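Asks: Sequence first, then the predicted structure, then my questions.
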Amino acid sequence: MVKHPMSVELEQAIITRRGTQLLGPIDLSLSGTGFTIVLGPNGAGKTSLLKVLHGVTRLSSGRVRWSVPDKEAREAQAYVFQKPIMLRRSVRQNLAFPLQLLNFPKAEIAERVTHWSGRIGLEDALNRPATRLSGGEQQKLALARALIREPQVLFLDEPCANLDGRSTLEIEKLLLAASTAGTRIIMTTHDLGQARRLASDVVFLLNGKVREQATAQDFFSAQQTEEAQAFLNGDIIE
Amino acid sequence: MVKHPMSVELEQAIITRRGTQLLGPIDLSLSGTGFTIVLGPNGAGKTSLLKVLHGVTRLSSGRVRWSVPDKEAREAQAYVFQKPIMLRRSVRQNLAFPLQLLNFPKAEIAERVTHWSGRIGLEDALNRPATRLSGGEQQKLALARALIREPQVLFLDEPCANLDGRSTLEIEKLLLAASTAGTRIIMTTHDLGQARRLASDVVFLLNGKVREQATAQDFFSAQQTEEAQAFLNGDIIE
Amino acid sequence: MNEIWAGIQAAFRLIVTLDPDLVQITLRSLQVSLSALVIASAIALPLGTWLAIRRFRFRRLTIATLNALMGLPPVVVGLIVYLLLSRSGPFGVLGLLFTPTAMIIAQVIIITPLIASITHQAMRELWAEYHDLLISLNTTKRQRIWTLIRDGRRTLLTAALAGFGRAIGEVGAIMIVGGNIDNATRVLTTAIALETGKGDFTLALGLGFVLIALALLVNFAIHALSRTEREGRW
Amino acid sequence: MNEIWAGIQAAFRLIVTLDPDLVQITLRSLQVSLSALVIASAIALPLGTWLAIRRFRFRRLTIATLNALMGLPPVVVGLIVYLLLSRSGPFGVLGLLFTPTAMIIAQVIIITPLIASITHQAMRELWAEYHDLLISLNTTKRQRIWTLIRDGRRTLLTAALAGFGRAIGEVGAIMIVGGNIDNATRVLTTAIALETGKGDFTLALGLGFVLIALALLVNFAIHALSRTEREGRW
Amino acid sequence: TLRLAVTTSFHNSGLSDVLLPAIQRDTGIEVQLLVVGTGQAIRLGEAGDVDAVLVHSRKAEEAFVEGGFGTHRREIMYNDFVFVGPSLDPADIANAGDAVTALKRIAQTKAPFVSRGDDSGTHKKELSLWAAAELAPEQSGRWYNAVGAGMGASLNTASGLEAYIMADRASWLNFGNKQDLELLFSGDPALFNQYAFIPVNSARHAHVKSDAVMRLETWLTSPVARELINGYKIAGEPLFTFNATP
Ligand SMILES: Nc1ncnc2c1ncn2[C@@H]1O[C@H](COP(=O)(O)OP(=O)(O)OP(=O)(O)O)[C@@H](O)[C@H]1O
Ligand SMILES: Nc1ncnc2c1ncn2[C@@H]1O[C@H](COP(=O)(O)OP(=O)(O)OP(=O)(O)O)[C@@H](O)[C@H]1O
Ligand SMILES: [Mg+2]
Ligand SMILES: [Mg+2]
């Protein structure tokens, strides 16, 4: 499944909207493997950063550079959005959708759909409209829909925000397994416990800029900036 | 502001959709004061229960009974939805909206808008479109928009799911203060720490039914049902 | 093909020389269609929105009927308005037949179902989005309708423009109730029909291109206005 | 008022006796309008959707133009199609003039902008909702358009029905290119225009009510079908 | 099948409902009628979209033949124009001696008058009568309404306005929305209305079915046609007089 690790670089990345700069300038390089957690207070620009890396938001200036050709890079990635986007279809069709786009054979699609609906505990909901699922169920479905393509790079924007404790642990196991198997994961979370459990390295954002980038060990034991310290103590409001 | 405590009773409340029962039958009575936390795994029916109590979802059978006339009860309540609903207007207009509906004088509206935008740290974003805010910012805005009416009863559906640590603590302080001042709060959360910090009593839901209702102290120290124990240990997946 | 080219040239000539007859009937076209648009919108926007937010017993039936009324044949509308306004009809005393007012009445009847249907369709989505919030805030029916119209105004533009398009290009009804009387009720479309009947296709096409240019102008103006109102999506 | 009542009675008589002429022109009306609807939808639904998802330089201009084209006067469309299909026109050799095919062509031109405009408006919201997901899944343009049309099909119903309504009630264009030839190109609207010209208002109204009944029938049928397809909102 | 462009006034008379089946029976030709204004009929002929035209506007017809669009002009029959107006007849045209006097009286009383105003045969005839009366009503005010429409639509307007109007007898007799209108004046030879048949020139438009057109012309000028045309009556009144020279 994984051919070779993909890495990405941001060069002087800036996003401007209506004259104000919401992100950047950012220079950042994420190497080929590992589990990167992006931390930062609300409105720091975490979502914007992930979307830029993935390519759904365009930069106002600067560049994103993947280590493989753009087309290949895009095909190898999947993204779970902060607000789950549900197709107005059944749960089954939501799961099947990414595979249908890739023209998978029907039998293979059916098999994977069964497998993944089981893993998120929605096997009984396959024929229900996805838009009618509960908040947590939608989040799990979005996650399964991203994983069903077996991506090499996975972006997760607060994937456990609406999940109960047990589901959160299940998902974490799943993610750690995927990461170990070579999937590059870039994820945001507000749950610092979760960040500690999962991160191999951390990017700390503040006001649209990278304030700190370090291995998880370094970050959680010895933050270099005052802001990161304050954040971990719950003192930063903006 | 608070005239007299309002209490509510559910009698044999049932919601059915497409032949399957998603909630109930529930008999529940919430007395006049306190901070009720509704707990339960994903899909247990927490959101459905809150919406039924508030009256935005209709029961398929059974009754909701408030201790005051319906009209009065509705006017005294506010609700923060799990997925924040943003009016397609500016932040300022979102905050002003509930007050405009009540024909508040302009000066009073302006004053309250300034006050509340400050409390959620969005004073600089007043003229930005609300739909463009970050996930956490939207959640804070929705909360402020509910509180700006100074409701006697407040429903909160996972209000801190997308908030950073610091914001969460700020909001909790705010809510505790309101509760102490007499506001009846009914809230769901997946953050058990938060539940412990806030709850005066707990309703534990499973598969659409109330499995346990107890004071916070009783619930967290000595659960009566196995399911509740399992839930607190993070063992329940469905 | 030569005729089409000749028609374009004729249109140019008419516009450049500001032919006084042309100016008169063009202004009358605009006056009739815009009046009809304003009146129809005042009815159809709240009506369509109301249908989007109300659940009642015969809702689907009502909506299907409204959709069907988009197919009201203009000639029949013209006939019925004619019969109502004619001297021997119930409103004959008003003396409205063969006046621009009669034409406006007929056009209002024709475009109201169209605007209401499109409005209804556009408002359903917004209502689904706002439903819980507006119910929760204990809004009155009137407040709900007004909030939806206000926040959905950009999508309602298409509804209004479709109504305007239908009105400005319509000929069957206004021919009957207006009578295409020179200097009184002649508008661009009836003038075109007249020239077609005369076999003067060049002039007919010329007037037709003037009409199309007019429609373009109005649309650009409205788009420009709605753009300056506020940039970006909400 | 008596005439209106007499018209309703005439409509009943026509329907109950299944007047063979009536059956023939009614079926032809349906055939022409439904054919035009199918062809126009095949063009306008993808086009409108495409306009909703594409950002290009002159997008606003294009959309304003499309909206303006909703105001294309049918008589002018009729004239232009006539000139193109006339024996002395570029497509004269096809011998299409004064045939139902010519009428379908004219109607397609008239209703395509209407359907495309409404589609565009309806699809903008859905695109805003799906945008990030579809971009993220690396979909092709074609896949995006198809996904939006599929999932927005209920809202597209209004677009199609508006197009059908405009087509079934239209008379100006098909009169010119069809010629209202008895037993060949006469449809309900041209028959109504004919009877109106004869001053036979009773029969004209009768036919008009038949046409309205037909529009109602088609709308109810489509609503019923789209309902059975799947209950509830997605 | 043959395509024949005819004017509204001819079609409104109902005569075609009698003639077409007879033509089909006798010659096997199915004639498709295109009912349009005179100008448009001529225009269709010029373009070669019809095989022949049957109209009533002599000048236009002659120009059509001279231009090489038609082979020749063959007179078939005539009917006449009548003046119609409100039954009270405020201008008292019922007692006018001739058509010109009738028009002068209408102009004097400024009673509302509806003119076709569409350059049709009927309209041209009306204009020639105004000219003979040495009046220029277009400039003379609101009582003169040029409605720019076909015969039927103009009659509808006239009955709505309770106005005078000049119509062909056939259209009037067949008209269903008379309301307060009555036939007030007719019979002046100046009001005769000649119909002529013109085959479209096949030298110009090769697809024209000249054979069939010829057979149709022969039939239209035959004794059978004479019987049918002269015998066609509405409410007991004959409408047309056959005057083709065989
Ligand atoms: N399209 C836009 N136009 C204007 N401002 C925007 C836009 N998108 C985002 N912003 C602003 O940019 C900032 C960063 O947004 P972003 O969504 O990246 O934050 P975040 O770190 O993900 O926050 P959260 O933790 O709340 O999700 C926020 O202040 C937001 O309001
Ligand atoms: N309109 C509906 N139609 C069908 N099923 C529904 C509908 N609304 C909710 N459900 C189902 O009812 C169950 C309860 O939903 P609810 O949103 O109340 O759960 P919840 O306890 O709030 O879950 P979460 O913690 O994920 O937010 C879920 O399984 C959901 O899929
Ligand atoms: Mg975010
Ligand atoms: Mg919930």
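Replies: That came in fine, so what should we check first? Ligands and ions are numbered 1, 2, ... in the order given.

Asks: can we go C-alpha only for contacts and neighbour counts from here?
Replies: Fine.

Asks: what is the orientation angle of the biggest helix by length in chain C with helix D:100-136?
Replies: When chain C is parsed with DSSP state H, its longest helix is helix C:100-136. In terms of direction (axes from the mean of the first three to the mean of the last three CA atoms, to 10 degrees), helix C:100-136 departs from helix D:100-136 by 30 degrees.

Asks: Next up, phi/psi of the residue in chain A sticking out farthest from the centre, please.
Replies: The centre of chain A is farthest from one residue, residue A:107, which by CA atoms, centre = their mean lies 28.6 Å away. Reported as degrees, to the nearest 10, the phi and psi values for residue A:107 are phi -60, psi -40.

Asks: and the helix or strand of chain E with the lowest mean pLDDT with chain D, contact?
Replies: Scoring the helices and strands of chain E by mean pLDDT, DSSP states H and E places helix E:8-12 at the bottom, with a mean of 80. Yes: using CA under 8 Å from any CA of the partner chain, helix E:8-12 reaches chain D at residue E:12.

Asks: Distance from the chain centre to the longest helix of chain C, please.
Replies: 13 Å (CA atoms, centre = their mean, to the nearest Å).

Asks: any idea where the strands of chain A begin and end?
Replies: A:8-17, A:20-30, A:35-39, A:61-66, A:77-80, A:153-157, A:184-188, A:201-206, A:209-215 (DSSP state E).

Asks: Next, name the residue at the spatial heart of chain A.
Replies: Central residue of chain A (CA atoms, centre = their mean): residue A:156, at 1.6 Å.

Asks: Could you verify my assumption that that one touches residue A:80?
Replies: Yes: contact criterion CA atoms under 8 Å: residue A:156 and residue A:80 qualify, at 4.9 Å.

Asks: a markdown table for the strands of chain A, including mean pLDDT and distance to chain D?
Replies: Listed next are the strands of chain A as a markdown table, based on pLDDT from 0 to 100; distance: least, CA to the nearest CA, whole Å:
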| stretch | mean pLDDT | distance to chain D |
| --- | --- | --- |
| strand A:8-17 | 88 | 17 |
| strand A:20-30 | 86 | 19 |
| strand A:35-39 | 92 | 19 |
| strand A:61-66 | 89 | 16 |
| strand A:77-80 | 93 | 7 |
| strand A:153-157 | 93 | 10 |
| strand A:184-188 | 93 | 15 |
| strand A:201-206 | 90 | 22 |
| strand A:209-215 | 89 | 23 |
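
Asks: Between those, which one is closest to residue C:38.
Replies: strand A:8-17 (36.2 Å; CA to CA).

Asks: hang on, the earlier thing: would you turn the strands of chain A into TSV with distance to ligand 1?
Replies: TSV is the format used below for the strands of chain A (distance: least, CA to the nearest ligand atom, whole Å):
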stretch	distance to ligand 1
strand A:8-17	5
strand A:20-30	5
strand A:35-39	8
strand A:61-66	15
strand A:77-80	13
strand A:153-157	8
strand A:184-188	8
strand A:201-206	8
strand A:209-215	10
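
Asks: closest one to chain B among those?
Replies: When these are compared by CA to the nearest CA, strand A:35-39 sits nearest chain B, at 9.3 Å.

Asks: follow-up on the earlier one: mind exporting the very next helix or strand once past the least confident helix or strand of chain E as PDB, just the C-alpha atoms?
Replies: Counting by DSSP states H and E, the next helix or strand C-terminal to helix E:8-12 is helix E:15-27. C-alpha atoms of helix E:15-27 as PDB (Å, rounded to 0.1, in the frame of the first residue of the first chain):
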ATOM      1  CA  LEU E  15     -64.700  28.300 -46.200                       C
ATOM      2  CA  SER E  16     -61.500  26.400 -46.000                       C
ATOM      3  CA  ASP E  17     -63.200  23.700 -43.900                       C
ATOM      4  CA  VAL E  18     -65.500  23.100 -46.900                       C
ATOM      5  CA  LEU E  19     -62.900  23.400 -49.600                       C
ATOM      6  CA  LEU E  20     -60.000  21.400 -48.200                       C
ATOM      7  CA  PRO E  21     -61.900  18.000 -47.800                       C
ATOM      8  CA  ALA E  22     -63.300  18.500 -51.300                       C
ATOM      9  CA  ILE E  23     -59.800  19.100 -52.700                       C
ATOM     10  CA  GLN E  24     -58.400  16.100 -50.900                       C
ATOM     11  CA  ARG E  25     -61.300  14.000 -52.300                       C
ATOM     12  CA  ASP E  26     -61.100  15.200 -55.900                       C
ATOM     13  CA  THR E  27     -57.400  15.600 -56.500                       C
END
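
Asks: in helix E:15-27, what counts as buried?
Replies: Within helix E:15-27, the residues scored as buried using 16 or more other CA atoms under 10 Å in any protein chain shown are E:15, E:16, E:19, E:20, E:22, E:23.

Asks: and the angle from the next helix or strand after that helix to helix E:15-27?
Replies: Later in the chain than helix E:15-27, the nearest helix or strand by DSSP H and E is strand E:31-36. Relative orientation of strand E:31-36 and helix E:15-27, computed by the same axes, to 10 degrees: 160 degrees.

Asks: Give me the distance between the residue nearest to the centre of chain A and residue A:37.
Replies: Separation of residue A:156 from residue A:37 (CA to CA, to the nearest Å): 9 Å.

Asks: Can you check which residues contact both of the two?
Replies: Listed as contacting both residue A:156 and residue A:37 by CA atoms under 8 Å, 6 or more residues apart in numbering or on different chains are A:186, A:187, A:188.
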